[in-house]
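# Please work out how this folds:
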Amino acid sequence: MRTDRPSTIRDVAQQAGVSVATVSRTLAGNYPVSEQTRARVMSAVDSMHYVVNVHAKALSGRVPGPVALVIPDITGPSLAHVAAGVELEANSRGRLSLVCSTHGDPAREDDLVQLMREQHAAAVVLVGGAVPDATYHRRMAAYAKALDAAGSRLVLLGRPPLAPGLPVTVVDYDNHGGAFQAVSHLLTSGHRRILFLGGEQGFSSAEQRHRGFLDALRAHSAPHLAELDTAGHYTRASGYRRVREALDAGLGFTAVFASTDAIAVGAMAALREAGLRVPRDISLVGFDDVPFAADLTPSLTTVRVPYEELGRTAIRLVLDREEGASGDSQVVLSTQLMIRDSVRALR
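Numbers count the residues shown, from 1 in each chain. Next up is the predicted model:
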């Protein structure tokens, strides 16, 4: 037997003394063969370490397709929990899960979606905020139609929905409601001058959280102070920089609402560097409830996003649909305010 290349089905057939068709039928289990023939074939398979061409089987429809998660960055803690949910649900359904990173490059996203289409993935889950402009809608509509034509399904997780009638599943969470709860908590604690550290303007999640902030101010008859309403990246560095700028400009504020926990960590560092303590001097609320939020000093009051359940829900909806079950094609999961030690009530 040659050892400089992988064994083929022809090698197995030759060693077992049967035809290639007999080996194929034996391995597929969809055609009757004698026990003696089956034993010879399986003995040859084991001795030659033959591996079935899973891609070929997938093309024939005999192997259920994998599920693919396409995310901007695999190092983010919130996205890691989405990936965990996808993997857990896929594994419980006997499916392979694949995780791919785009590094924020639309061309790479295009390539990955096409690759997953060629691999006959059961679902391609795209994660992360986006600007819902005409370009976005054209690209996502093209993805949805191309994947549907290949028997796959596009899932938008935390992304803007598409026009009605397109073959897409949307799984989102309540950004607006979470921000409304967070700001309402600060307002009912007596704070009126709240520094808002928002996300990038135009991005769906950032816009929804900003609307929640504004609606909470209106609901509590609190003024909107434009100089305290800032936009930026969802990063620690952005939170640190914006708080330092607000302090250097002499803007008076008693609380900070950071639209991600990463921003909140940067804000906390800037406040500490300025000799201000949370919550004695400045109260602070975040958004996400990443694993370290409860372990900060003080523990961070924040909005919990059910990231793992988002991943599980995305896969459950697609695979239930594949199995013929009826169900929603658009789901919004609730968020929850986690009250800890970073907010002080003003007298």
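# Give me the pLDDT value at the closest residue to Tyr240 other than its chain neighbours.
Leaving out its chain neighbours, the residue that sits closest to Tyr240 by C-beta to C-beta, 6 or more residues apart in numbering is Gly266, at 3.6 Å. All C-beta atoms are positioned from the backbone trio N, CA, C, and that covers glycine. Here the pLDDT value assigned to Gly266 is 97.
# okay, and for the stretch 1-150 of the chain, where does confidence drop off?
Per-residue confidence for the stretch 1-150 of the chain (pLDDT under 70) gives these ranges: 1-5, 28-31, 51-63.
# re the thing from before, in a helix, that's where the residue nearest to Tyr240 is, yeah?
Yes - counting by DSSP: H, G, I helix; E, B strand; the rest coil, Gly266 is located in a helix.
# Show me where the stretch 1-150 of the chain has its helices.
Using DSSP state H, counting those that start in this stretch, the helices of the stretch 1-150 of the chain run over 9-16, 20-28, 35-48, 54-60, 77-92, 106-118, 134-149.
# Need the winner for burial among those.
helix 77-92 (a mean of 20; mean count of other C-beta atoms under 10 Å).
# That one - contacts with which helices or strands?
If you count contacts as 3 or more C-beta pairs under 8 Å, 6 or more residues apart in numbering; DSSP states H and E, helix 77-92 packs onto strand 67-71, strand 97-101, strand 123-127, helix 307-322.
# Do I have it right that Ala169 meets Glu322?
Not Ala; residue 169 is Thr. No - in this structure, Thr169 is not within contact of Glu322 by C-beta atoms under 8 Å, at 11.0 Å.
# Neighbour count for the two, which is higher?
Set Thr169 next to Glu322 and count neighbours by other C-beta atoms under 10 Å: Thr169 wins out with 24 against 16.
# could you say which helix or strand contains that one?
Thr169 is part of strand 168-173 when elements are defined by DSSP states H and E.
# Can you give me the buried ones in the next helix or strand after that strand?
Per DSSP H and E, the first helix or strand lying C-terminal to strand 168-173 is helix 175-188. Residues of helix 175-188 classed as buried by neighbour count (16 or more other C-beta atoms under 10 Å): 175-187.
# pLDDT of helix 175-188, averaged?
Averaging pLDDT along helix 175-188 gives 98.
# Could you list the residues in contact with that helix?
Under the contact criterion C-beta atoms under 8 Å, 6 or more residues apart in numbering, helix 175-188 has outside partners 194, 204-205, 208-213, 215-217, 219-220, 222, 255, 257, 259, 283, 285, 287, 301-303, 305, 334-337, 339, 343.
# before we move on, the earlier item: any shared contact partners between Thr169 and Glu322?
Joint contacts of Thr169 and Glu322 (C-beta under 8 Å, 6+ apart) are Arg153.
# if I look at Gly190, how far off is Leu251?
Distance, Gly190 to Leu251, by C-beta to C-beta, to the nearest Å: 19 Å.
# Please apply the same query to Ala144.
Ala144 is 45 Å from Leu251, where distance means C-beta to C-beta.
# what do you get for Arg193?
8 Å.
# Need the overlap of contacts for the two.
Joint contacts of Arg193 and Leu251 (C-beta under 8 Å, 6+ apart) are Leu228.
# hmm, back to that, list the contacts for the residue nearest to Tyr240?
The neighbours of Gly266, taking C-beta under 8 Å, 6+ apart as the test, are Thr235, Arg236, Ala237, Ser238, Gly239, Tyr240, Arg241, Val243, Ala258.
# Name only those of these that count as buried.
Among the contacts of Gly266, the ones that count as buried (16+ other C-beta under 10 Å) are Arg236, Ser238, Gly239, Tyr240, Arg241, Val243, Ala258.
# Does the third one lie in a helix or a strand, and which?
Okay, so that is Gly239. For Gly239, the host element (DSSP H and E) is helix 236-248.
# just checking, what packs against that helix?
Where contact means 3+ C-beta pairs under 8 Å, 6+ apart, helix 236-248 is packed against strand 194-197, helix 261-273.
# re the thing from before, as a markdown table, the buried residues of helix 175-188 with distance to Gly85 would be great.
Shown next, in a markdown table, are the buried residues of helix 175-188 (distance: C-beta to C-beta, whole Å):
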| residue | distance to Gly85 |
| --- | --- |
| Asn175 | 18 |
| His176 | 22 |
| Gly177 | 21 |
| Gly178 | 18 |
| Ala179 | 23 |
| Phe180 | 25 |
| Gln181 | 23 |
| Ala182 | 23 |
| Val183 | 28 |
| Ser184 | 28 |
| His185 | 27 |
| Leu186 | 30 |
| Leu187 | 33 |
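# Excluding sequence neighbours, find me the nearest residue to Asp229.
Distances taken as C-beta to C-beta, 6+ apart place Phe196 nearest to Asp229, at 5.0 Å, with adjacent residues excluded.
# Would you mind measuring from that neighbour to Ala122?
For Phe196 relative to Ala122 (C-beta to C-beta), the value is 41 Å.
# Same check on Gly252?
As judged by C-beta to C-beta, Gly252 and Ala122 stand 54 Å apart.
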